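1. Please work out how this folds:
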Amino acid sequence: MQYGRFAYIYDRLMHGDIDYDKWCDYIENMLYVHDCDAQTVCELACGTGNMTARLIKRGYDVTGVDVSSDMLAAAADKLGNTELVCIDMTRFVPQKKYDAFLCMIDGINYVTVPAALLRMFKNIKAALTDGGMFMFDISSEYKLRDVIGNNTFIHSEYDVFYAWQNEYYERYNISDMLLNFFVLDKNGEYSRFEERHTQRGWTEKQIRILLKRAGFTEICAYDELSFEPPEEDSERIVFVCR
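-> Sure, this is the predicted structure:
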């Protein structure tokens, strides 16, 4: 299972890794540079709503979509009456149009089958308003293969310990991630649970082909939090398409 019990400690563990304010600035700058006057936003793989909350604070009307009910339960605590939809984003068929779709911080990597990703791209293209924009990022094939690779990472705090074991299958461009958690409960005892996450290392070329097949004609790729094109060793690639 992905993002089950992990959802309730996700924010504290990811807080130091992701600068959500910086990412929101970057999103707004992208909207400006690409001349997209967005009012309504659909955020796919919104997770616990950290980006969602900041976008709402900046004046956007946001709908959050995520497959994990646990992540959305954590999001609901901070988002009030914001519309949240619990569904696999590759099967989400919007019932209204949006000025912008977002899928940030690895969400696309969890889609491992080309046909599912193409279906998702087509649904998004059909639900964009005239002049609307789709922005998303991926952890690059380089990052999953050469940085995360077959390594094990350890995180230890007084009340949370986890071991993150990785195995990369280059033939399929698949990263298999096994996370073992030990969390101190209110009784002073540690409870153990594990989650297995699977991500695909998509290449820029593969993403561009699927976007074009979905009907997008303007496709730009950038290095992480940058307006420069990605390099061979870029760990994150950002796409903006219309």
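
2. So the residue sitting furthest away from the middle of the chain: helix, strand or coil?
-> Here the chain reaches farthest from its C-alpha mean at Asn187, the gap being 34.3 Å by CA atoms, centre = their mean. At Asn187 the chain is in coil, as set by DSSP: H, G, I helix; E, B strand; the rest coil.

3. Test for you: state the pLDDT assigned to it.
-> On the pLDDT scale, Asn187 is placed at 83.

4. The one 10 residues further on now?
-> For His197, the model assigns a pLDDT of 94.

5. any idea whether the nearest residue in space to it that is not next to it in sequence is helix, strand or coil?
-> Of all residues beyond its chain neighbours, the one nearest His197 is Met177 (4.2 Å), with distances taken as CB to CB, 6 or more residues apart in numbering. Glycine gets a C-beta too; all of them are placed from N, C-alpha and C. Three-state assignment for Met177 (three-state DSSP): strand.

6. Quickly list what Met177 is bridged to.
-> In this entry, Met177 is beta-bridged to Asn166, His197, by DSSP bridges.

7. tell me the contacts of the residue nearest to the spatial centre of the chain?
-> Centroid-nearest residue in the chain, with CA atoms, centre = their mean: Gly107, separated by 2.8 Å. Applying CB atoms under 8 Å, 6 or more residues apart in numbering to Gly107 gives the contacts Leu44, Ala45, Met89, Phe136.

8. how does it look with 10 Å?
-> Glu43, Leu44, Ala45, Cys46, Gly47, Val65, Asp66, Val67, Met89, Phe136, Asp137, Ile138 (CB atoms under 10 Å, 6 or more residues apart in numbering).
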